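Make a model of this:
(chains A and B)
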Amino acid sequence: MPLQFLLCMNLQGKPRLMKHFNLTTPPLSHSSKHQLQVEIYRLLSSREHKQHSNFIEWKDLKIIYKRYAGLYFICAIDLDGSQDEELIYLSTIHLLVEILDEVFENVCELDLIFGGEKCYAVIDEVFSAGEVMECSKAKVLQRVKEIELLD
Amino acid sequence: MSSLKSFIKAVRSSKTLADAKHIATQESANIRTSFKDVTITHSQRRVLISKLIYLYILGEKTHFGQIECINLLSSPKFADKRLGYLATMLLIDENQEVLTLLTNSIQMDLHHPNNFIQGLALSTLGNVMSVELANDLYNDVEGILRGNNSYLVKKAAIVTAKILEKNPDLGDVFIGHLDHLLNNTNHGVLLGALQMVRVLRYNGEHNQELVKYLPKIIEILKNLVFYTNVPEYDAVGINDPFLQNSAIKTLSLFFTDDSLDISQTVRDSMNDVLTAIISYTSYSKSVGASILYETVKFIFSIPNLDQSLKILGINTLGQLLSVKDNNNNRYIALNLLLKVVELEPLAVQRHQQLIILCLGDMDLSIKRRALELAFAILDTTNIRILVKEILRFLENSNEKDLQAYIIQNVTSILSKDELLPNQNWKYETLIKLVNIGGSAISNPAKILSLILNNPDRESTRYVLLKLFQSGYKDFSRSGLNMVNVYLLGEFGELLFNQKMDEHGVTITEDSIVSYLKDLLLLQENGLNSYLLTACLKLSTKSSSSKTQAALRSIIENLRSSIDLNVQVNSSVYLSLLNESSSVKSKILAKIPPPVVSTSDSITLIRPNANGNNAHSHRKISKTEDLLDLINDDSQAPVKQNNRDLLEDLFSSTPAVPVVSSAFSGSSSTANSNNNSSSAAVKAFSNDQVSVSFSVKSQKSGEVVIETQLQNNTSTEISQVQLLIAVPKTQKLTINTLNSTSIAANGGVNKQDLRIVGAHGSGIKLRVKFKYFVQGAGEQVETFDYKFEGVCL
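Purely as a prediction, here's the structure:
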């Protein structure tokens, strides 16, 4: 099942990255994307790490999230089509975070704020149309470097 | 022009939200003006677009920059193109003009000599794919798919999968490419190829051709499992879990379908691989566990499962559930158990302890699954412990939909005598259920029928006494009140002279009457109709004139009830009170025990539809829909039960038809009164609109019904169109709507329907309702509605 969107926000609910993959049927308007982010923050902030799982069924979405230090990394898939592969999506999130960590050498929130473009470039190398496309860290890193040289 | 960095810093250093907003709006205005300036350089434009991306993440409006993004990506410079595509993917919305421009650029760039630029075009295409784009560009994508640059081929494969999703007819064009794609060693390419296989399988037109590729996919999976030493894709000792997972998922689409012609050799090698995965994969890390879960799920979904594989599956399930207990594992374990329970209930029953443990979890989705499982594995061996745990859950739960679900399920378990340890336990449990769940019982029909069916007067007395004792002290549980009131009407005499409590106070007619009077003060509509009948029935059981007068005064009091049905009934009952005792004793005799339906499935009863929490209610019905697929055949009887006479008898709109048949004189007028002035009944409702019907006028063979359409959203609903059909024997005339739009926030639009037909026939409508909501597009709703108690 393809990802509907990827989202990263800090513990105060400030979004840092937001990438929607399904832009066609029908695309969300700008304000509803943000509404979505606000509502998801409300969901997450009421959950305790120790007491809750990392999966939420919410509206027609299944939300899989993980907290890394001060940041939530969140992805969402269609609830109807989801084949209960929560753990693999959790691994997907982890893969992305690991790659970001190497790209920025110890990634922190500020990197995501000032290096937004670079993050999206990384995301585009790992995901395509919401599917995981490349899971080799080395290949993604090399690619991102090459692109930077071209710029 | 300031740099992106200084802009971000300015926003971040602002003291208040309003300040930040102010800076952002100001910058947004600056960017708008700068875009109009033809003299600015490309690098300056890039800064503007970068700022736009930051505005986007802040939640500011960015639509004005879309065209600029397209301009940027049409520039020949790589840096411009890169940022242009990146920004377009983020900022694009339904703007058609932008999409058309984008399509042209993508088409040109798919043939660009620089493969990085081709890659950008492919990524973007994957994200914005539509039927039109699929038809326009599939040739260009196919060209790339033929190439041997694996960086581009992997992107093209995923884009191809998207194309096939949008236009299944293109399958013939692409299926031949699977040969070389699946033989590629690049994992990215394989991931894309498997995605293509899955989409083609979903489309369903090339099943036999696809079956030829199964040995190849099995080989890919085998290689991943056996050759673990590939550092590039290693994830905590597991060779590319993503590709493994993708291959397992793909294979399971084929092997779970009986109708496909797959040779035995292929099936055997599949079984070997599954066995290998299980023996080679460690479940201690979550990546390994995720693969094992997929494998076990796969195993249990294979039809005509090989015995040894099944045992392997059951054992692996046990191991998975024994690992470190955290909430993610619980969630997934329960999901898996829910899948397995249909096939191997005994294997799931072994994990009863885990299920009970999860009932006490904090996480709502975990609790809900555990509850479903608890009902699913319940049988004679564990009924005592499970029902005890379930009732404890009920006691601590405050989710309305779960409470209703439990009450309904436990009640239907109690009606299955073959499951129960003994009758004593049955009534003890019933008492507990009503006591604990008293506030969540909205329709006590099933519970009452259990008691009415009890042939043993002593245990009925016991149940009644226990419930009365607890209800007498505490009026807060509406369900308990209803049960009590009804039982007092039927069996009130059993309570006379019983001990109220350990202090030896006895129950008298007076204490019962004062209890009923107290309940009258609650002014609950559902309860009032029960009260009426109870008072009427009690009046024949008492010889004291004081009691009789008190009961009559309760009935009289209800004549001014705001509920029309209660009003009507109280008038009817009052005249009935004046009848001679011979008439009364016939009408007010004990009702015969209703038939208890036992065809209910334990696992699949829908919770009452009146859950206040619409949100979580939707969730539970979702999970149940899933289950419905498995156990489809038990659905029909459940639905029928909901409609049976019993429910009508006990439902909160009281039993007018029953009284009227026994006492035709005054009730026929009551009945027609009821009809001609009936209040609007809500026939359909969602979060956007509700439709209600009310009978406006009625004469023999003709009814005029007023339809009210109400807007529940905060925006105007337009293009309203109401299509209604009646049975062929009747004729329908629809007046035109007074306007095709409905005003926001509760605006109402009315339309009259005139139905003409044979006298006495019932009224049924099939309604198709089209409307347009800003932001949600055109909506179509279809529903059927039958008018209860209204005839032509």
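
hey, let's count contacts and neighbours off CA atoms from now on
Fine.

buried ones in stretch B:168-184?
The neighbour-count check on stretch B:168-184 (16 or more other Cα atoms under 10 Å in any protein chain shown) flags B:P168, B:L170, B:G171, B:F174, B:H177, B:L178, B:L181, B:L182, B:N184 as buried.

residues in contact with that stretch?
In this structure, residues lying in contact with stretch B:168-184 by Cα atoms under 8 Å, 6 or more residues apart in numbering or on different chains are B:142, B:145-146, B:160, B:163-164, B:189-190, B:193-194, B:200, B:203, B:205-206, B:216-217.

all strands of chain A, in order?
Listed in chain order, the strands of chain A (DSSP state E) span residues A:3-10, A:15-20, A:55-58, A:61-68, A:71-78, A:127-128, A:131-132.

Give me the sheet partners of the fourth one and which way each runs.
When pairing is defined by DSSP bridges, strand A:61-68 lines up against strand A:55-58 (antiparallel), strand A:71-78 (antiparallel).

Any chance of TSV for those, columns mean neighbour count and mean pLDDT?
Converted to TSV, the strands paired with strand A:61-68 look like this (neighbours: other Cα atoms under 10 Å in any protein chain shown; pLDDT from 0 to 100):
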stretch	mean neighbour count	mean pLDDT
strand A:55-58	20	88
strand A:71-78	22	92
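
low-scoring pLDDT stretches of the chain, where are they?
Using chain A. Segments of chain A classed as low confidence (criterion: pLDDT under 70) are A:1, A:24-27, A:81-84.

wrong one, chain B
Regions of chain B meeting the criterion pLDDT under 70 cover residues B:1, B:228-237, B:324-325, B:596-679, B:738.

Could you give me the buried positions within the lengthiest helix in it?
Of all the segments of type helix in chain B, defined by DSSP state H, the longest one is helix B:17-36. With burial defined by 16+ other Cα under 10 Å, the residues of helix B:17-36 counted as buried are B:A20, B:K21, B:I23, B:A24, B:E27, B:S28, B:I31, B:S34, B:F35.

what do you get for stretch B:447-465?
Judged by neighbour count (16+ other Cα under 10 Å), stretch B:447-465 contains these buried residues: B:447-452, B:459-465.

what distance separates the start and the end of that stretch?
The separation between the terminal residues of stretch B:447-465, taken as Cα to Cα, to the nearest Å, is 16 Å.

can you list the residues that contact that stretch?
B:411, B:414-415, B:427-428, B:430-431, B:483-484, B:487, B:494-495, B:498, B:500, B:592-596.

Would you mind checking these for buried ones?
By the neighbour-count criterion of 16+ other Cα under 10 Å, those include these buried positions: B:411, B:414-415, B:427, B:430-431, B:483-484, B:487, B:494-495, B:500, B:594, B:596.

right, and the pair among the residues you listed with maximum separation?
B:M500 and B:V596 (30.9 Å; Cα to Cα).

in the stretch 301-450 of chain B, which spans are helices?
In the stretch 301-450 of chain B, the helices defined using DSSP state H, counting those that start in this stretch lie at B:307-322, B:327-340, B:345-349, B:352-359, B:364-376, B:383-396, B:400-414, B:423-437, B:445-452.

And the helices in the stretch 451-600 of chain B?
Taking DSSP H, counting those that start in this stretch as the criterion, the stretch 451-600 of chain B contains helices spanning B:457-473, B:478-491, B:509-522, B:525-541, B:545-557, B:564-577, B:581-587.

Mind giving me the packing neighbours of the shortest one?
Applying 3 or more Cα pairs under 8 Å, 6 or more residues apart in numbering or on different chains; DSSP states H and E, one finds that helix B:581-587 contacts helix B:525-541.

The helix it packs on - contacts with which helices or strands?
Identification of packing neighbours for helix B:525-541 by 3+ Cα pairs under 8 Å, 6+ apart yields helix B:478-491, helix B:509-522, helix B:545-557, helix B:564-577, helix B:581-587.

In CSV, list those along with distance to B:S284.
Formatted as CSV, the entries for these read as follows, by distance: least, Cα to Cα, whole Å:
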stretch, distance to B:S284
helix B:478-491, 48
helix B:509-522, 58
helix B:545-557, 68
helix B:564-577, 64
helix B:581-587, 70
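
which one of the ones you listed is the most hemmed in?
helix B:478-491 (a mean of 24; mean count of other Cα atoms under 10 Å in any protein chain shown).

Restricting to C-alpha, output it in PDB.
What follows is the C-alpha trace of helix B:478-491 in PDB, where atoms were taken according to Å, rounded to 0.1, in the frame of the first residue of the first chain:
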ATOM      1  CA  SER B 478     -31.300   4.200  32.600                       C
ATOM      2  CA  GLY B 479     -31.100   0.600  31.300                       C
ATOM      3  CA  LEU B 480     -31.500  -0.800  34.800                       C
ATOM      4  CA  ASN B 481     -34.500   1.400  35.400                       C
ATOM      5  CA  MET B 482     -36.200   0.200  32.300                       C
ATOM      6  CA  VAL B 483     -35.500  -3.500  33.100                       C
ATOM      7  CA  ASN B 484     -36.800  -2.900  36.600                       C
ATOM      8  CA  VAL B 485     -39.900  -1.100  35.600                       C
ATOM      9  CA  TYR B 486     -40.800  -3.700  33.000                       C
ATOM     10  CA  LEU B 487     -40.300  -6.600  35.400                       C
ATOM     11  CA  LEU B 488     -42.300  -4.900  38.100                       C
ATOM     12  CA  GLY B 489     -45.200  -4.700  35.700                       C
ATOM     13  CA  GLU B 490     -44.900  -8.300  34.900                       C
ATOM     14  CA  PHE B 491     -43.800  -9.900  38.200                       C
END
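
Against B:T713, how distant is whichever residue of the stretch 651-792 of chain B sits closest to chain A?
The nearest approach of the stretch 651-792 of chain B to chain A comes at B:G775, 8.1 Å away (Cα to the nearest Cα). As judged by Cα to Cα, B:G775 and B:T713 stand 11 Å apart.

try B:K154
Going from B:K154 to B:T713 by Cα to Cα gives 45 Å.

These two - which one has more neighbours?
Comparing B:K154 with B:T713 by other Cα atoms under 10 Å in any protein chain shown, the one with more neighbours is B:K154, at 27 against 18.

doesn't B:G192 make contact with the more buried one?
Yes. The pair B:K154 and B:G192 passes the contact test of Cα atoms under 8 Å, sitting 5.8 Å apart.

so who does B:L536 touch?
B:G489, B:L551, B:R552, B:I555, B:Y573, B:L577, B:L588.

Just list the residues touching the fourth one, thanks.
By Cα under 8 Å, 6+ apart, the residues touching B:I555 are B:L532, B:C535, B:L536, B:S570, B:Y573, B:L574.

Can the lengthiest helix in chain A be said to contact chain B?
Ranked by residue count under DSSP H, the longest helix found in chain A is helix A:86-104. Yes. Applying Cα under 8 Å from any Cα of the partner chain, one finds helix A:86-104 in contact with chain B at A:E86, A:L87, A:I88, A:S91.

what's the neighbour count on the last one?
Applying other Cα under 10 Å, we find 18 residues neighbouring A:S91.

nearest spatial neighbour of it, skipping sequence neighbours?
B:V287 (6.7 Å; Cα to Cα, 6 or more residues apart in numbering or on different chains).

Quick one: distance of the host helix or strand of that neighbour to the chain centre.
B:V287 is located in helix B:286-301, with elements delineated by DSSP states H and E. Taking the mean C-alpha point of helix B:286-301 and that of its whole chain, the gap between them comes to 26 Å (Cα atoms, centre = their mean, to the nearest Å).

Give me the contact list for that helix.
Outside helix B:286-301, the residues that touch it by Cα under 8 Å, 6+ apart are A:85-88, A:91, B:235-236, B:238, B:241, B:244-245, B:248-249, B:252, B:256, B:274, B:277-278, B:281-283, B:305, B:309-310, B:313, B:316-317, B:320, B:336, B:339-340, B:343.
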